[in-house]
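>>> build me a model:
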Amino acid sequence: MEKLIEIAYIVASVLFIFGIKMLGSADTARRGNQISAVGMLIAVVATLLYKEVL
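Next comes the predicted model:
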(Lines give C-alpha, C1' and ligand atoms only; values in the text may rest on other atoms or scores of the structure.)
Protein backbone atom coordinates (compact mmCIF):
# COMPACT_ATOMS: atom_id res chain seq x y z
CA MET A 1 0.00 0.00 0.00
CA GLU A 2 2.88 2.36 0.71
CA LYS A 3 4.17 2.04 -2.86
CA LEU A 4 0.74 3.03 -4.14
CA ILE A 5 0.74 6.09 -1.89
CA GLU A 6 4.22 7.08 -3.08
CA ILE A 7 3.13 6.74 -6.70
CA ALA A 8 0.04 8.82 -5.96
CA TYR A 9 2.21 11.60 -4.51
CA ILE A 10 4.44 11.56 -7.60
CA VAL A 11 1.43 11.69 -9.93
CA ALA A 12 -0.06 14.54 -7.88
CA SER A 13 3.22 16.46 -8.10
CA VAL A 14 3.38 16.05 -11.87
CA LEU A 15 -0.22 17.20 -12.21
CA PHE A 16 0.48 20.27 -10.05
CA ILE A 17 3.50 21.24 -12.12
CA PHE A 18 1.71 20.65 -15.41
CA GLY A 19 -1.37 22.54 -14.20
CA ILE A 20 0.68 25.53 -13.04
CA LYS A 21 2.45 25.61 -16.39
CA MET A 22 -0.90 25.74 -18.16
CA LEU A 23 -2.00 28.74 -16.07
CA GLY A 24 0.39 30.91 -18.09
CA SER A 25 -2.03 31.33 -20.97
CA ALA A 26 -5.62 32.53 -20.85
CA ASP A 27 -6.62 29.84 -23.35
CA THR A 28 -5.37 26.97 -21.19
CA ALA A 29 -5.88 28.43 -17.71
CA ARG A 30 -9.21 26.71 -17.11
CA ARG A 31 -7.78 23.30 -18.05
CA GLY A 32 -4.67 23.97 -15.95
CA ASN A 33 -6.82 24.75 -12.93
CA GLN A 34 -8.77 21.52 -13.42
CA ILE A 35 -5.58 19.47 -13.74
CA SER A 36 -4.20 21.04 -10.55
CA ALA A 37 -7.46 20.29 -8.75
CA VAL A 38 -7.23 16.62 -9.72
CA GLY A 39 -3.67 16.60 -8.42
CA MET A 40 -4.86 18.05 -5.12
CA LEU A 41 -7.61 15.44 -4.86
CA ILE A 42 -5.08 12.66 -5.41
CA ALA A 43 -2.75 14.15 -2.79
CA VAL A 44 -5.54 14.48 -0.21
CA VAL A 45 -6.75 10.91 -0.77
CA ALA A 46 -3.18 9.60 -0.56
CA THR A 47 -2.65 11.45 2.72
CA LEU A 48 -5.88 10.08 4.17
CA LEU A 49 -4.85 6.57 3.13
CA TYR A 50 -1.39 7.07 4.64
CA LYS A 51 -2.89 8.22 7.94
CA GLU A 52 -5.34 5.28 7.75
CA VAL A 53 -8.39 7.53 7.88
CA LEU A 54 -9.84 5.84 4.80
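>>> secondary structure element for the one residue sitting closest to the centre of the chain, which one?
Centroid-nearest residue in the chain: Gly39, 1.3 Å away (criterion: C-alpha atoms, centre = their mean). Element membership for Gly39 (DSSP states H and E) is helix 29-50.
>>> now tell me what touches that helix from outside.
Residues outside helix 29-50 that contact it (C-beta atoms under 8 Å, 6 or more residues apart in numbering) are 1-2, 4-5, 8-9, 11-16, 18-23, 54. C-beta: built from backbone N, CA, C; applies to glycine.
>>> now with 10 Å, please.
With contact meaning C-beta atoms under 10 Å, 6 or more residues apart in numbering, helix 29-50 is reached by 1-2, 4-25, 28, 53-54.
>>> quick check: pLDDT value at the residue nearest to the centre of the chain.
On the pLDDT scale, Gly39 is placed at 98.
>>> where's it relative to Gly32, distance?
Look at Gly39 and Gly32: by C-beta to C-beta, to the nearest Å, they are 11 Å apart.
>>> with Ala8 instead?
20 Å.
>>> try Glu6
Glu6 is 25 Å from Gly32, where distance means C-beta to C-beta.
>>> who has more neighbours out of the two?
The residue with more neighbours, out of Glu6 and Gly32, is Gly32; 18 against 12, by other C-beta atoms under 10 Å.
>>> Leu15 versus that one, what's the distance?
Counting by C-beta to C-beta - Gly32 and Leu15 are separated by 10 Å.
>>> cool, Ala37 as well?
Going from Ala37 to Leu15 by C-beta to C-beta gives 9 Å.
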